[in-house]
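A.B. asks: coords please:
(2 chains)
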Amino acid sequence: MTDDTLRMLRDSAADFAKLDAARVRRMRGIRPGFDRSVWLEMAGMGWLGVLIPEMHGGSGLGMGAASIVAEQLGRALYPEPYSASAVLATLTLLHGDSPDLKQDILPQLAAGKLVAGLAWQDEHGGLDVAQCGVRASDRDGRLVLEGTSRFVATPDADAFIVSARGARGLELHWVGRDAEGLSCTLEARADGSASARLSFDQVSSSAETRVATGASAETALCLAIDHAVVAASAELLGIMDCALSMTLEYLRTRVQFGKPIGSFQALQHRAVDMYIQKELSRAVLGAAVAALDDPQCTPERRAAAASSAKARASHAALAICAEAVQMHGALGFTDEYDLGLYLNRALVLSAWLGNASVHRSRYAALMEMA
Amino acid sequence: MKYGVAQQRDWNALADQDFRALVQEEFETHHPLHLRFPPRRLRWHENKSWFLRMAAKGWIAPGWPLEFGGMGLAPSKLLIFLEEQERCGIARFQDHGILMVGPVLIRYGTDAQRRRYLPPILACEEIWCQGYSEPNAGSDLASLRTEARLDGDDFVINGQKIWTTLVQDASHMIILARTDKQAKKQEGISFLMLDLASPGITIRPIRDIAGHDEFCEVFFDNARTPASNLVGGLNKGWTLAKAQLGFERIHIGSPKLPEYGLQVLLSVARARGMLQDPLFRDRLARVQLDVVHLGDIYTHFAAIVARGEPLGPEVSLLKIWATETFQRIADLIIETAGDCGGHAGPVNLDGADIELLAPFYKARPATIYGGSNEIQRNVIARQVLNLPG
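C.D. replies: From the prediction side, this is the model:
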């Protein structure tokens, strides 16, 4: 993939994904929490397929491309579940061991006709893929799923890949949202979106709908999670960049005591510290993307690179957005002003798939093993 | 005229990794172990054997062009050279001749000045120090008052410089001096070279809080330097000094100092049995990632340098992040050391002698020299973030 391809992608994504604050506000608290027609447009731009190989209907451009798209979507505060579906769920399926499911489903995901989600965390969350709240067991000759899965960022998905513990270790199952015995309760998130808690009461599955089993399930899951962690970091970068730009513009124009407040050194120096956090996030994201796109990258290095990026981006986005509110004064605390939209999205994405301290400790543990 | 020692080969023709291996081999094999990662700046009598070896090999001026006796390294190769030097823990000597005087003379000097001064710099026979700061001209350097008045064929210098590093090791000095009191303050400054053996110069070392004498005050009482030692034209000193601030700005943001701090922190933590403490582990991971991220952003700026492109004012962030990260680490070392945190010199912790306070003392001036971090923040605020003055 050439730099030119990436530049064109960046330009087209920036052109297409503009902040429509009215839409962002309108989508809060409603179901579905995103717009199918926008999702199809995103598919039309080729964004949903950047991680899907050409043989399955994508472009296979890789994480460099996915992070560009994610950053632009972050800037525009898109409620569409790009990182959760087009990265997290898609990569889990792609790296599973069911050729038939890949053949059948990946082209539909790339085309935006089907929206998939991943249900892998238990009640307590965390990054350990072995900690799943669903069991797969044999009941009278049929395979059933039981238990709950929480923190599913795609409550409106058409289908879920469900991580379950079974006799052969970890298993991943493809389950339609209308499956009998599957129920969904919602937890509201700070930005008006929802996270789903899925309950499985003897939900039937079968060998045909098994995405992966055992070691390959674990491998697929870890790889997909690391990529989604980096995609979320890219979204956070877009968010913090916009929050900082808004703040700088405000500092240049807001006049108090007869001067623009941005001429006060106390505020200038704090603005510089925000800028440094943003630039660090950008540099670290670049390093993580390079690691993930490197075919020689080991799983440990990939996990460390992803944690490095998310530890910085989660911290930086929250710190920048909170400081941005302070610098705007009371205005920054109003819902009418767009800054709060960035802060609320930053709260959601910083916590999703591991916050800064979770990733710091995962990074440290990986370094100790190395 | 031919300068310096002929180079063994065309370094730039080597692949980066081959060049790195070759430099590493030289340093690892020949640099004396007891001089690596010293807890304070070494004096010339302590480390001159190494630099005389470098001079004899033709490696003393890696960044200078070939025709002036340097190694002629392209920016990417120069970065490798400096990185390997740091990795091996090779401390600097009073190297302003190499870093500052040589490049200035090559760019702005006359042929006569180059012929007179470059060869002894390359041979390490003349050692240079830099006199910029004054008691009333620190961050506001342009308000300096040391005065140079033309009298016949000489400039007569009166005034005072301060915070001049290792004057004790130097034979010569460059100064910025006021040559026009009427002009706007930046426009009345000239760049002069002088011999420290001249009459009328008094040097007084200043003891620092670590107990070392690394910097000095220098007093000028009708000291004379020949007018031929003016570089770059009368009243052009400010422009000239500013133009030399390119490469140094990335070097000052290199991750090596904080990485050294982390090594000390880890040994202290290990000796004190802190490595399993969850609270300590989180604080450790925090500074470790701060250093890793410094490395990531350093790589970004290094790539700009390696492409031969100029660094913008945003490079100031590198210095801020590098030095403040180093300070956080140094602070954490002291805290981790517990009751020993106030002990001077090498402290025996669990069998290992550790200079606990060395990082702390090294980290203090780091946020002050080379443009204080407050000035660096002003630069970013105005020139990068476009905030109003």
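A.B. asks: Please report how far B:Thr146 lies from B:Arg224.
C.D. replies: Separation of B:Thr146 from B:Arg224 (C-beta to C-beta, to the nearest Å) stands at 14 Å. For the C-beta atoms, the positions are set from N, CA and C on the backbone; glycine is no exception.
A.B. asks: shared neighbours of those two, anything?
C.D. replies: Here B:Thr146 and B:Arg224 have B:Ile157 as joint contacts, going by C-beta atoms under 8 Å, 6 or more residues apart in numbering or on different chains.
A.B. asks: residues near the one residue in the stretch 101-250 of chain A that gets nearest to chain B, how many?
C.D. replies: Closest residue of the stretch 101-250 of chain A to chain B, C-beta to the nearest C-beta: A:Leu248 (5.5 Å). Applying other C-beta atoms under 10 Å in any protein chain shown, we find 21 residues neighbouring A:Leu248.
A.B. asks: Nearest spatial neighbour of it, chain-adjacent residues omitted?
C.D. replies: Residue nearest to A:Leu248 in three dimensions, not counting chain neighbours: B:Leu385, with 5.5 Å by C-beta to C-beta, 6 or more residues apart in numbering or on different chains.
A.B. asks: burial of that neighbour, as a residue count?
C.D. replies: B:Leu385 has 22 nearby residues by other C-beta under 10 Å.
A.B. asks: quick revisit: tell me the helix or strand right after whatever helix or strand the residue of the stretch 101-250 of chain A closest to chain B lives in.
C.D. replies: Assessed by DSSP states H and E, A:Leu248 sits inside helix A:215-253. As assigned by DSSP H and E, the chain's next helix or strand after helix A:215-253 is strand A:255-256.
A.B. asks: Tell me which helix or strand comes right after that following strand.
C.D. replies: For strand A:255-256, the succeeding helix or strand toward the C-terminus, using DSSP H and E, is strand A:259-260.
A.B. asks: Which elements pack onto that next one?
C.D. replies: Packing contacts for strand A:259-260, counted by 3 or more C-beta pairs under 8 Å, 6 or more residues apart in numbering or on different chains; DSSP states H and E, involve helix A:215-253.
A.B. asks: Check the offset of the helix it packs on from the chain's centre.
C.D. replies: Averaging C-alpha positions (C-alpha atoms, centre = their mean, to the nearest Å) puts helix A:215-253 7 Å from its chain's average.
A.B. asks: buried set for it?
C.D. replies: Using 16 or more other C-beta atoms under 10 Å in any protein chain shown as the test for burial, helix A:215-253 gives A:216-244, A:246-248, A:250-252.
A.B. asks: what is the mean pLDDT for it?
C.D. replies: Helix A:215-253 carries an average pLDDT of 98.
A.B. asks: cool, stretch B:27-46 as well?
C.D. replies: Mean per-residue pLDDT for stretch B:27-46: 91.
A.B. asks: For A:Leu61, give me its contacts.
C.D. replies: A:Met1, A:Thr5, A:Leu9, A:Val50, A:Leu51.
A.B. asks: Quick check, pLDDT for it.
C.D. replies: Per-residue confidence at A:Leu61 stands at 95 (pLDDT).
A.B. asks: separation between it and A:Leu280?
C.D. replies: Distance of A:Leu61 to A:Leu280, given as C-beta to C-beta: 26 Å.
A.B. asks: Only the buried residues of stretch B:197-209, if you could.
C.D. replies: Buried residues in stretch B:197-209 (16+ other C-beta under 10 Å): B:Ser198, B:Ile201, B:Ile203.
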